[in-house]
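Participant: model the structure of this input:
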Amino acid sequence: MRKRAAAVHVSALVVAGTLLAAPADASGRDAAAGATAVASPAWKKCGTTDYPTLQCATLKVPLDHARPRGKQITLALSRVPHTAKKFQGPLLVNPGGPGGSGRTLAGFVATSLPKAVAAQYDVIGFDPRGVGRSSPALDCRPGFFAPVRPDSVPATPALARANLERVRSFAAACGTKYADVLPYIDTVSAVRDMDAIRRAVGAEKINYFGYSYGTYLGAVYAKLFPERVRRLVLDSVVDPTGVWYDDNLSQDLAFNDRHRALMAWIARYDSTYRLGTDPEKIEARWYAMRRALAKKPAEGTVGASELEDTFIPGGYYDGYWPYLAEAFAAYVHDKKTGPLVEAYRNFAAVDAAGDNGFSVYAAVQCRDAAWPRSWQRWERDTWEVYGKAPFMAWNNTWYNAACASWPTAPRKPVNIANGKLPPVLLFQATNDAATPYEGGVTTHRMLARSSLVVEEGGGNHGITLSGNACLDRYLADYLSKGTVPRGHGTVDAVCAKLPDPKPLTSKAAAATAHGATLHGLLGRN
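Facilitator: Residues are numbered from 1 along each chain as shown. Predicted coordinates:
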């Protein structure tokens with residue numbers, strides 16, 4: 001198990017700039033290289049109230065890029081076009097997952113960046129293969145997360161069998177419905193789709209901005225097509241050496257720490273929540289609530305597993321803490337179930353889009369790398385982690401356990417080490433649970449000309465364009481001028497974390513609204 005960093009330091013901070021060539025049409029070079037021709041997207045208006053300039057299009061790509069004239073699938077694209085005279089090319093954006101829809105993210109990024117910066121780019125979102133409006137869109141087993149599920153902790157043989165049968169049946173359903181498609185739902189295939197998008201929009205190089213799993217997607221693109229990368233931003237960085245079994249075990253420890261951080265935050269506001277001033281005793285009350293819900297789910301909806309689902313988003317984003325604390329307190333003090341059920345519906349309930357996202361999540365992760373096929377190995381490792389970090393250990397195991405019996409053979413992970421790139425900018429919070437801090441450090445070491453900007457003490461997942469002006473200045477400088485900070489040592493720049501949230505007031509809720517928008521787009525990764 002990896003130790004998590006408590007603090008970082010920067011010395012002798014300097015700024016290094018790089019002059020990058022303006023984007024140019026690459027049709028001649030691609031033709032010379034023998035690349036398959038790709039039709040230009042036919043963009044149409046699809047604006048919303050929040051993003052009125054958004055445009056949409058579709059793009060045909062090969063299911064199997066090794067057979068470019070074989071079966072074709074469709075990618076759904078979105079774009080906010082540039083408006084400035086200075087055009088810096090396409091900026092592809094991805095929210096992670098895998099399985100996250102990126103079409104709305106294009107609008108969010110374009111409106112969240114400084115106007116003068118966003119105006120220089122065509123900000124392009126896309127639903128990766130299998131996702132959302134792309135076709136075919138995977139949904140292996142509709143309603144797979146419908147409540148009430150068996151208790152995630154297999155304390156009895158019956159619970160172990162029920163959970164194991166549930167995930168095995170999901171894997172079998174995927175194999176039955178999508179036998180011809182599953183071998184091509186993986187990161188490398190998605191990367192080749194990205195290069196097809198590049199060719200379709202007539203760009204020699206792309207700029208890329210990815211969150212969470214999107215950082216691995218971007219790093220793999222850079223490995224396969226280093227000469228096609230102009231600028232690369234990776235926020236909340238996946239550890240590329242742990243894909244994907246080891247990374248999930250690391251998450252278990254980190255999410256447990258974040259859950260305890262929530263308990264400590266509740267303790268600071270005892271006058272509001274009346275749950276006590278000792279975080280350990282508050283945590284004990286949370287687990288007592290969990291035991292009670294395992295016996296009698298709230299309104300036939302929130303059992304023990306659904307309670308975990310409801311509180312896991314608090315590990316991604318502390319803006320949810322006041323809502324979770326209120327629901328917790330209402331149940332403990334008055335046995336009120338309404339706030340708990342409402343929190344579940346707001347933060348955890350899985351709709352059809354969620355079923356689709358999870359199906360792609362499983363398909364990509366199970367295909368990207370080998371997973372243990374021995375269930376005894378999963379049990380041994382999970383019980384070991386559970387002994388140290390019980391909050392999410394078994395919930396996360398069942399979330400990934402379909403990979404133990406996945407019907408498609410795994411690929412080998414991509415070694416993303418790269419010395420051929422222009423300057424790359426990485427962002428990482430020290431207490432991120434979904435992509436623990438070491439992932440940022442490891443990727444920084446593997447990408448030779450990268451710079452690492454750290455949010456010291458921050459625990460949110462996805463930290464740029466979420467209200468931290470210090471982080472956003474580094475992002476804007478890089479996208480506008482290509483400049484990155486250069487320090488000596490592991491970290492190139494440090495920003496202070498945003499203040500913790502306050503108990504609910506209209507002012508506090510408004511202050512977290514922008515961060516909540518981003519985290520709603522990122523979802524569970």
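Participant: residue ranges with poor pLDDT in this structure?
Facilitator: For the chain, applying pLDDT under 70 flags the ranges 1-36, 506-514, 523-525.
Participant: select the longest helix from it.
Facilitator: helix 245-268 (DSSP state H).
Participant: render the CA-only coordinates of that helix in PDB, please.
Facilitator: Extracted in PDB, the C-alpha atoms of helix 245-268 (Å, rounded to 0.1, in the frame of the first residue of the first chain):
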ATOM      1  CA  TYR A 245      -6.500  -3.100  -9.700                       C
ATOM      2  CA  ASP A 246      -3.800  -1.500  -7.600                       C
ATOM      3  CA  ASP A 247      -5.200   2.000  -8.200                       C
ATOM      4  CA  ASN A 248      -8.600   0.900  -6.800                       C
ATOM      5  CA  LEU A 249      -7.000  -0.500  -3.600                       C
ATOM      6  CA  SER A 250      -5.200   2.800  -3.200                       C
ATOM      7  CA  GLN A 251      -8.500   4.600  -3.500                       C
ATOM      8  CA  ASP A 252      -9.900   2.600  -0.600                       C
ATOM      9  CA  LEU A 253      -7.400   4.000   1.900                       C
ATOM     10  CA  ALA A 254      -7.700   7.500   0.500                       C
ATOM     11  CA  PHE A 255     -11.500   7.600   0.600                       C
ATOM     12  CA  ASN A 256     -11.400   6.400   4.200                       C
ATOM     13  CA  ASP A 257      -9.200   9.400   5.100                       C
ATOM     14  CA  ARG A 258     -11.700  11.700   3.400                       C
ATOM     15  CA  HIS A 259     -14.600  10.200   5.200                       C
ATOM     16  CA  ARG A 260     -12.800  10.800   8.500                       C
ATOM     17  CA  ALA A 261     -12.100  14.400   7.300                       C
ATOM     18  CA  LEU A 262     -15.900  14.800   7.000                       C
ATOM     19  CA  MET A 263     -16.400  13.400  10.500                       C
ATOM     20  CA  ALA A 264     -13.800  15.900  11.800                       C
ATOM     21  CA  TRP A 265     -15.600  18.700  10.000                       C
ATOM     22  CA  ILE A 266     -18.900  17.700  11.600                       C
ATOM     23  CA  ALA A 267     -17.200  17.800  15.000                       C
ATOM     24  CA  ARG A 268     -16.200  21.400  14.400                       C
END
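Participant: what distance separates that helix from the centre of its chain?
Facilitator: Distance of helix 245-268 from its chain centroid, counting by CA atoms, centre = their mean, to the nearest Å, is 17 Å.
Participant: just the CA atoms of stretch 269-286, as PDB, please.
Facilitator: Extracted in PDB, the C-alpha atoms of stretch 269-286 (Å, rounded to 0.1, in the frame of the first residue of the first chain):
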ATOM      1  CA  TYR A 269     -19.900  22.300  14.000                       C
ATOM      2  CA  ASP A 270     -21.400  20.600  16.900                       C
ATOM      3  CA  SER A 271     -23.600  23.600  17.600                       C
ATOM      4  CA  THR A 272     -25.300  22.900  14.200                       C
ATOM      5  CA  TYR A 273     -25.400  19.100  14.000                       C
ATOM      6  CA  ARG A 274     -25.300  18.100  17.700                       C
ATOM      7  CA  LEU A 275     -23.400  14.900  16.900                       C
ATOM      8  CA  GLY A 276     -20.500  15.600  19.300                       C
ATOM      9  CA  THR A 277     -17.000  17.100  19.200                       C
ATOM     10  CA  ASP A 278     -15.000  13.800  19.000                       C
ATOM     11  CA  PRO A 279     -14.600  12.700  15.300                       C
ATOM     12  CA  GLU A 280     -14.100   9.100  16.300                       C
ATOM     13  CA  LYS A 281     -17.300   9.000  18.300                       C
ATOM     14  CA  ILE A 282     -19.100  10.700  15.400                       C
ATOM     15  CA  GLU A 283     -17.700   8.000  13.000                       C
ATOM     16  CA  ALA A 284     -19.000   5.300  15.400                       C
ATOM     17  CA  ARG A 285     -22.500   6.900  15.200                       C
ATOM     18  CA  TRP A 286     -22.200   6.800  11.400                       C
END
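Participant: so where do the helices sit in the stretch 1-150 of the chain?
Facilitator: Ranges of helices within the stretch 1-150 of the chain are 27-32, 103-112, 115-118, based on DSSP state H, counting those that start in this stretch.
Participant: hmm, I was thinking of the stretch 301-450 of the chain
Facilitator: Going by DSSP H, counting those that start in this stretch, the stretch 301-450 of the chain shows helices at 304-311, 313-316, 321-334, 338-347, 352-368, 375-388, 393-400, 437-446.
Participant: any chance of the ones you listed in TSV, plus mean neighbour count and distance to P422?
Facilitator: Backbone N, C-alpha and C define where each C-beta goes, glycine included. Output for these, formatted as TSV (neighbours: other CB atoms under 10 Å; distance: least, CB to CB, whole Å):
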stretch	mean neighbour count	distance to P422
helix 304-311	25	41
helix 313-316	25	31
helix 321-334	20	39
helix 338-347	18	39
helix 352-368	23	26
helix 375-388	15	39
helix 393-400	23	35
helix 437-446	22	15
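Participant: in JSON lines: those helices, plus distance to P95.
Facilitator: Formatted as JSON lines, those follow (distance: least, CB to CB, whole Å):
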{"stretch": "helix 304-311", "distance to P95": "19"}
{"stretch": "helix 313-316", "distance to P95": "12"}
{"stretch": "helix 321-334", "distance to P95": "22"}
{"stretch": "helix 338-347", "distance to P95": "17"}
{"stretch": "helix 352-368", "distance to P95": "10"}
{"stretch": "helix 375-388", "distance to P95": "27"}
{"stretch": "helix 393-400", "distance to P95": "18"}
{"stretch": "helix 437-446", "distance to P95": "17"}
